[in-house]
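Peer 1: Here is my input, please return the structure:
(chains A, B and C)
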Amino acid sequence: MFLKNAWYVACMPDELSGKPLGRKICGQAMVIYRTESKGVAALEDFCPHRGAPLSLGFVRGDTLVCGYHGLEMGCEGKTLAMPCQRVNGFPAIRSFPVIERYGFIWVWPGDPGQADPAKLYRLDWAEDPGWAYGGGLYHIKCDYRLMIDNLMDLTHETYVHADSIGQKEIDEAAPKTSASGDTVITSRFMDNISAPPFWRLALRGNGLADDVPVDRWQICRFTPPSHVMIEVGVAHAGNGGYEAPADKKAASIVVDFITPETETSIWYFWGMARNFKPDDAELTKTIREGQGKIFSEDLEMLERQQANLQAWPERALLKLNIDAGGVLSRRVIDRLLEQEGGRSQAQAERPRAKEGA
Amino acid sequence: MFLKNAWYVACMPDELSGKPLGRKICGQAMVIYRTESKGVAALEDFCPHRGAPLSLGFVRGDTLVCGYHGLEMGCEGKTLAMPCQRVNGFPAIRSFPVIERYGFIWVWPGDPGQADPAKLYRLDWAEDPGWAYGGGLYHIKCDYRLMIDNLMDLTHETYVHADSIGQKEIDEAAPKTSASGDTVITSRFMDNISAPPFWRLALRGNGLADDVPVDRWQICRFTPPSHVMIEVGVAHAGNGGYEAPADKKAASIVVDFITPETETSIWYFWGMARNFKPDDAELTKTIREGQGKIFSEDLEMLERQQANLQAWPERALLKLNIDAGGVLSRRVIDRLLEQEGGRSQAQAERPRAKEGA
Amino acid sequence: MFLKNAWYVACMPDELSGKPLGRKICGQAMVIYRTESKGVAALEDFCPHRGAPLSLGFVRGDTLVCGYHGLEMGCEGKTLAMPCQRVNGFPAIRSFPVIERYGFIWVWPGDPGQADPAKLYRLDWAEDPGWAYGGGLYHIKCDYRLMIDNLMDLTHETYVHADSIGQKEIDEAAPKTSASGDTVITSRFMDNISAPPFWRLALRGNGLADDVPVDRWQICRFTPPSHVMIEVGVAHAGNGGYEAPADKKAASIVVDFITPETETSIWYFWGMARNFKPDDAELTKTIREGQGKIFSEDLEMLERQQANLQAWPERALLKLNIDAGGVLSRRVIDRLLEQEGGRSQAQAERPRAKEGA
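Peer 2: So this is what the prediction gives:
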C-alpha cells in the first residue's frame, strides 16, 4: 500500500538521454521520455495496437513511436497517427503528470486532477549555486516502509556502517522524535566525540582538522509520500555544534527519495547536498563514491529483512523509542492512505505489535 | 491452447548427435533419440521405474537405456528389459509418432491414431538440389500466436529491423490478405524502391547490381498448426517483379516453424531457402548469420509483449488491416481447436477486441 | 514431511569460523554460531526487534549481536540487552538443541524436551585415531527421500558412475534387504571380479596390487531420520572378502547425512571414513576429491527426477527388489512420522505404486 496522489521521483535526467525509459512506479509500468518541445512525458508502457511496451520505441519530435509497428503516440496518451491507418477510434492509454525540477523527473501516479505542482517537495538548495549535489540510484527488493524505518533510525549506522559513519556514541545518544502535521522529525546530538572516517574525510574536504573532538548531529525529516531528508554534520567541538559558523564545520543534507516499484521493491534515489566548496567537482565525486559504498551496505539487510517478514507474517515487531521516527512516519502514511480511500494500514502493520516494550 | 493433432518440428537432426535430447513440446516433456535401425523415436521423458528423465540416459542399438538404473526402453514405450528384473508388468509410457524428413525431425503430440504421414507439411524445395537451406533455433518466452502475428504482419520490419530489411515503403504498401481453407495468405508488393541492406547483400550474392531500383515482394503463407512460409525477394525494377526471370532477381523463402513448448514459450525454427547459387556454402553461411541476427531482434519485443499482455489481461488489442493475417490465422487455429475438442479460443482472444478500428 | 524430533547434521565446524551461519533446516531458518564459552548455539534467524536475520550479525563472547541495531541475543533465544533500551518484555525466539560431536554440528529441529543427547547417532570411528575422514557438502533440490532411495540402491553406480565405481557385476548381483527395528540393511557381494577405477586407486593407496581379481562388498545401513552408512570395500579374491585381513583389502565407510532444507531440497553431507593409512593426509585429500567428483554426478539426476515427479504427481513408481532398501526405509520414516503425529506418508507415496512388479 502506497500513496498514489503524490509526486514521486521517477528518474534522474541522465536516464532519459537518447531513448525512452521503461520503469514501474507504484505498481504502474510507465514509459518516461523527453520530447522535443513539451518537456518530459510519462505514459502507460503499453501500445494500444498490440500491447508492445512503448519503452522499446523511440522519440521523434514530440511523438513517441512504437518500436513494433510504428504507432505514433502523443504525450497525453492519444494515438496521433499510424502509417496507413485511421486512428480516430483508438483507445487512449493513461498519461501521468510529470514535472522536471531540482535535478529530478517527478511523476504523479494517482488522479491527474489532483496533481498540483504546488504540492511538489521543495528543494531550495537544488537551485542555490552555493550548494552542490551528487547521488545515485539503487533498486532494492523491500517494502518502501522498511527503507523509511531504516532512515528514521540511524542507530543502525553503528552496526551496518561500522567502518564509515557508525560509532558507539550514536547508540548511546537517545533520539528525540516529534510529529507536526505530516512531517516527522527525529534528531540526535552527540557532543565532544571523535569523528568517524567518513566525517574525517568531509572535514579535510572542507579544509578543517580531522583529529580534534567534534560535535555531531543528525536531524531526520520524513515527509509524505516517502521522502527523508537528513541534516548531518560535525563541527569542531565547542563552537555551537549545528549552529557553528561555516568555517568550523562540515555539514550536508542526506537526500533520500524512496519510490515504490511494487509492494515489495523500491527505486531508491540517494544523494548528498552540501554548501561547502560547491564548485569542487572532485570532492563531489569523492563524497558520492563514499556515500554510494556506505548506502550499498543496507541492501542485503533490507532484502533479507523483507524476506524474513514475509516468511513470518504473523510476528509482531518491537517498536522501541529508537523506532519512533519510523512508527510516526507510518502513522502519517496510514492517515493519508485512509484519506485516499486506501485500506487502513493498521492491519498491514504487524497485528500484535507492541510499542515501547 | 495449441493444436495437438499436428506434425510439429521437434528438432534439427544435428541436435540428436550422440545422445538423447530432452525437449518439451506442446506441454509434453519428450525424449527424442536416434536408434540404430528404427530411425528417430520420441517418448515421454519419464522412466517408469523411478521417474528419472530418460533423456539423461543413452542409446544402445535400438534401445534407450535409462541413465539411473539401466531400464531398457523400446521405441514404442514398452520396457524391454532391466538387469535381473522381470519386466512384463511394467507400465508403458507414451510414444509419439515421429517422421524425419526435409531436414527436420517432426513429432505428433496428439492422438497417434490420427498421425497420418500424408498430413506432413510439404517442403518440396528441401528435396530439390536446386535449392539451399540454412537456419537455426531460438527459444522465446511468448505465446506461439504472438510469433504468428509477427510473421503475418511484416510492417514490423520497418521498426524492429530498421537496419537490415526494414524500409518506409513497407508501411506505405497496404497488404492484401485472404484465407482459403486452412491457409491464410497476406502479401505486399513494393515497386521501384531502393533495396535495404540485407537485400543488397543478397543481390550481390547472386551476382547482381545492388544500387539500382528494385521491385520487392513479401508473400506470407500461414498453415496449421503454426507454420509460416514467406516468399520474399527483390528484382531489378521493371522486369516483372515476383515474376522476373532468375537472372534479374534474388528470391528466397523464409521458413518459420513455431513449436509451442508451453502456453507461453516456443521453440522457433527459422531459416531461409534459396534457389540461387545453391552450392555456395559460404553464401549459405553469410545469409544464415545475417538472418540469425535480424530474427534475434524480435526476441525482446515478443517476450516483453507477452509480459505486457499477462499484466493487462483485460485489455482489448486493436486489429487493424495490417493485422488481418494474424487475425485470420488465429481463426483457422480456433476452428481446428474446436474440432479437436478444445475450448474455443474466442474467449482466449482479447474480449473487447475491435476489428478494423 | 520429515521427522522433526531427531538429530540432524546442521553444518561442519569449519562453516562456523568467524561469523554466524544462516541455514534453513527442516523448513526452519536458523542462525548457527559458536560462542566463546557455551559451545555452538542455534536460534531462529529472526531478530525480535525488526525481523532482521541474526545471521547477518556477529558474535561477541557468548552473545549474538544483531547486525542491524545491535540487539544482544543470548543462546537460549532471550534478548539480553540493547543499547539504551529495557529488554524485559522482549519476546523470545526459538532456540534449538545443538550438539557438536564426531566432527559435525547437530541440531534438533523438533520439541526440545525430547532432545536426548543419547539419541545422537554414534560414529565410533570418528573418535578412533585408527580412522581418517574426509567429506563435503552439496545442496540438492530434491526430496530427501530420493537421496535415501539413491543410496539404498547402488545399482545406479553402474549407470551414473560408470567411469569410477560402476561395473556390470553390480547389476547382476541381487541385493539382500532386511529391516530390524528402525534399521534397514541392504547388501551386495560380488566375488572374483575386476576392481573399477576408484577401487584400484584405493588398493594402491593401501599398498596393494590393483590388477588382480577382487571380492567386492556394499552393505548399506539406513537409520532414521535420514542417515545412510555404507560399508564398502574390495579384498584380493579368496581371502574372505569382507572378512579378509586388513593387509588384503581396502575398505571404508561411505558416510551420508541427509538434512532436509525444505520439502524439496536437501543439505547433503557426504564423506568417507577409512581405517587404513589414517595419517596419510594426501590420501585423504585424493579420496575426498575422487568421491566429491563421483557424488556430484548424482545431482542432475536427482534434481531432474524431482522435477519429473512434480510434473507427473499421479504416476505410480515401480518398486522392484533393487528398490527394497528405499521402500523399507520409507516405511520406517512413515511409522515414525505417524508416532510424531505427522500425516501418514502412505498417501505421499505414489498412490498406485506396485511392489515387486
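Peer 1: quick one: stretch A:259-279 near chain B?
Peer 2: No - taking C-beta under 8 Å from any C-beta of the partner chain as the criterion, stretch A:259-279 and chain B are apart, separated by no less than 11.5 Å. For the C-beta atoms, the positions are set from N, CA and C on the backbone; glycine is no exception.
Peer 1: So which bits of that stretch are buried?
Peer 2: A:259-261, A:264-274, A:276, A:278 (16 or more other C-beta atoms under 10 Å in any protein chain shown).
Peer 1: quick one: it near chain C?
Peer 2: No - Stretch A:259-279 is not in contact with chain C by C-beta under 8 Å from any C-beta; minimum separation 13.8 Å.
Peer 1: What of stretch A:294-313?
Peer 2: Yes - on the criterion C-beta under 8 Å from any C-beta, stretch A:294-313 is in touch with chain C at A:300-301, A:304-305, A:307-309, A:311-312.
Peer 1: which one of the residues you listed is nearest residue A:331?
Peer 2: residue A:309 (18.8 Å; C-beta to C-beta).
Peer 1: Let me know the helix or strand that the closest residue to that closest one other than its chain neighbours is in.
Peer 2: Counting by C-beta to C-beta, 6 or more residues apart in numbering or on different chains, residue C:51 is the residue found nearest to residue A:309 once chain neighbours are left out, at 4.9 Å. Residue C:51 belongs to no helix or strand when assigned by DSSP states H and E.
Peer 1: tell me the average confidence for stretch A:172-189?
Peer 2: Averaged over stretch A:172-189, pLDDT sits at 95.
Peer 1: Return the distance of it from the chain's centre.
Peer 2: Relative to its parent chain, stretch A:172-189 has a centroid offset of 19 Å by C-alpha atoms, centre = their mean, to the nearest Å.
Peer 1: buried sites along it?
Peer 2: A:173, A:175, A:177, A:179, A:184-188.
Peer 1: Can you list which of these are found in strands?
Peer 2: Mapping the buried residues of stretch A:172-189 onto strands (DSSP state E) picks out A:177, A:179, A:184-188.
Peer 1: Looking at those, spot the one nearest chain C.
Peer 2: Of all these, the one with the least separation from chain C (C-beta to the nearest C-beta) is residue A:188, at 11.3 Å.
Peer 1: Counting neighbours, what do you get for the residue nearest to residue A:309?
Peer 2: 23 (other C-beta atoms under 10 Å in any protein chain shown).
Peer 1: That one contacts residue A:316, correct?
Peer 2: No - using C-beta atoms under 8 Å, residue C:51 is not in contact with residue A:316, being 9.9 Å away.
Peer 1: what separates residue A:28 from residue A:96, distance-wise?
Peer 2: 8 Å (C-beta to C-beta, to the nearest Å).
Peer 1: Equivalent analysis for residue A:167, please.
Peer 2: For residue A:167, the distance to residue A:96 - C-beta to C-beta - is 43 Å.
Peer 1: ok so residue A:147 is a helix residue?
Peer 2: Yes - counting by DSSP: H, G, I helix; E, B strand; the rest coil, residue A:147 falls inside a helix.
Peer 1: pLDDT averaged over stretch A:89-98 - what is it?
Peer 2: According to the model, stretch A:89-98 has a mean pLDDT of 96.
Peer 1: Same drill for residue A:167 and residue A:96, tell me which one is more crowded.
Peer 2: For the pair residue A:167 and residue A:96, the greater number of neighbours falls to residue A:96 (24 against 20), based on other C-beta under 10 Å.
Peer 1: Run through the bridge partners of that one.
Peer 2: On the basis of DSSP bridges, residue A:96 is bridged to residue A:42.
Peer 1: Also the one 5 residues further on?
Peer 2: Taking DSSP bridges, one finds residue A:104 as the beta-bridge partners of residue A:101.
Peer 1: burial measure for it, as a count.
Peer 2: 15.
Peer 1: Hmm, it is touching residue A:121, no?
Peer 2: No - applying C-beta under 8 Å as the test, residue A:101 and residue A:121 come out as separate, 9.6 Å apart.
Peer 1: Against which helices or strands is whichever strand in chain A runs longest packed?
Peer 2: Counting residues, the longest strand in chain A under DSSP E turns out to be strand A:249-262. With contacts taken as 3 or more C-beta pairs under 8 Å, 6 or more residues apart in numbering or on different chains; DSSP states H and E, strand A:249-262 sits against strand A:8-11, strand A:21-25, strand A:132-140, helix A:144-151, helix A:197-205, strand A:227-236, strand A:265-274.
Peer 1: could I get those as a markdown table with mean pLDDT and distance to residue C:82?
Peer 2: As requested, these are exported to a markdown table (pLDDT from 0 to 100; distance: least, C-beta to C-beta, whole Å):
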| stretch | mean pLDDT | distance to residue C:82 |
| --- | --- | --- |
| strand A:8-11 | 98 | 34 |
| strand A:21-25 | 98 | 37 |
| strand A:132-140 | 97 | 25 |
| helix A:144-151 | 98 | 16 |
| helix A:197-205 | 92 | 25 |
| strand A:227-236 | 97 | 23 |
| strand A:265-274 | 97 | 27 |
